[in-house]
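[1] Got a predicted structure here, sequence first:
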Amino acid sequence: MRIFPIAKVAAATGRCLVASLVLASCSPQLPGQGSASGRPMLFEGARLITGDGSAIEDSAFLVENQKITRVGKRGALQSPAGAVHVDLSGKTVMPAMVDLHGHIGYQNVPAGTMSKENFTRDNLIDHLERLAYDGVGAVVDVASLLDRSDLKGGRTGWGDVPLKVRDEVIPNAALFKTAGTGIAFPNGGPTGHPSRS
């Protein structure tokens, strides 16, 4: 599967997920590189969950200029000249979720442990891949932007990993965005007031 920076369609055990942020195909490679060539793309055949509680069986949706511009039944949408056609028969397409307040990268999933020592690039990407598999297209991480060894309890060892991952589109992974070092009442952050411990 390849991911392209338009809207995300991630394949997982016979299903596809769509987000309005990044578009990946359910095949090894999309012709035209996911509208990078400027060509419109018509996706057909999927069960399309629209996000309003309804679904369109055997759907069609058109992506133009990196946006979904039309949705309907297969055969009902006029295909623009030169459009790339992508068959999604047997797949389900749905809006992806966006997690607007996350603290990821600390858990070692196989070991079932949680600590700042687990926060590595590989572990962070593992978490982003797990999120994408479950339908999350992006996560905003709160307060993990900087390696803050100066704080009580010390957040140490990750350097500029969050900054680098934030600026990448990683294949088969949710987008990782940050909200800076976070804000809290005086001495109220995660390593401050005892109420946070």
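    Now that the structure is in, tell me what you want to look at. Numbers count the residues shown, from 1 in each chain.

[2] okay, now residue 178: neighbour count?
    20 (other C-beta atoms under 10 Å). For the C-beta atoms, the positions are set from N, CA and C on the backbone; glycine is no exception.

[3] let me redo that: residue 81
    Other residues near residue 81 number 6, with proximity taken as other C-beta under 10 Å.

[4] Please parse this structure into its domains.
    41-93, 97-178 (the TED database).

[5] Mean pLDDT lowest where, among these?
    Looking at the domains of the chain, the lowest mean pLDDT belongs to domain 97-178 (a mean of 84).

[6] got the buried residues for the helix with the most length in the chain?
    For the chain, the helix that runs over the most residues, judged by DSSP state H, is helix 121-133. Across helix 121-133, burial judged by 16 or more other C-beta atoms under 10 Å covers 123, 124, 125, 126, 127, 128, 129, 131, 132, 133.

[7] now stretch 99-117
    102, 104, 105, 106, 107.

[8] show me where this protein has helices.
    For the chain, helices defined by DSSP H occupy the ranges 121-133, 161-166.

[9] Against which helices or strands is the longest helix of the chain packed?
    strand 8-12, strand 107-108, helix 161-166, strand 175-178 (3 or more C-beta pairs under 8 Å, 6 or more residues apart in numbering; DSSP states H and E).

[10] Can you list the strands that the last one pairs with?
    By that I understand strand 175-178. As defined by DSSP bridges, the strand partners of strand 175-178 come to strand 136-141 (parallel).

[11] what's the distance between the nearest residue to residue 46 once chain neighbours are set aside and residue 122?
    Nearest residue to residue 46, sequence neighbours excluded (C-beta to C-beta, 6 or more residues apart in numbering): residue 88, at 3.7 Å. Taking C-beta to C-beta, to the nearest Å as the measure, residue 88 falls 31 Å from residue 122.

[12] same question, residue 175
    Residue 175 sits 18 Å away from residue 122, taking C-beta to C-beta as the criterion.

[13] and what of residue 50?
    For residue 50, the distance to residue 122 equals 36 Å [C-beta to C-beta].

[14] still on that earlier bit, what's the closest of the helices and strands packed on helix 121-133 to residue 60?
    Nearest of the helices and strands packed on helix 121-133 to residue 60, taken as C-beta to C-beta: strand 8-12 at 14.0 Å.

[15] before we move on, back to that, for the helices and strands packed on helix 121-133, which one sits closest to residue 63?
    strand 8-12 (9.8 Å).

[16] pLDDT (mean, whole number) over the closest one?
    The average pLDDT for strand 8-12 rounds to 33.

[17] Hmm, residue 61 and residue 68 touching each other?
    Yes: using C-beta atoms under 8 Å as the test, residue 68 is close enough to residue 61 to be in contact (5.5 Å).

[18] quick one, what contacts the nearest residue to residue 75 once chain neighbours are set aside?
    Among residues not flanking residue 75 along the chain, residue 60 sits closest, at 7.2 Å (C-beta to C-beta, 6+ apart). Neighbouring residues of residue 60 by C-beta atoms under 8 Å, 6 or more residues apart in numbering: 42, 43, 44, 45, 71, 72, 73, 74, 75, 76, 77.
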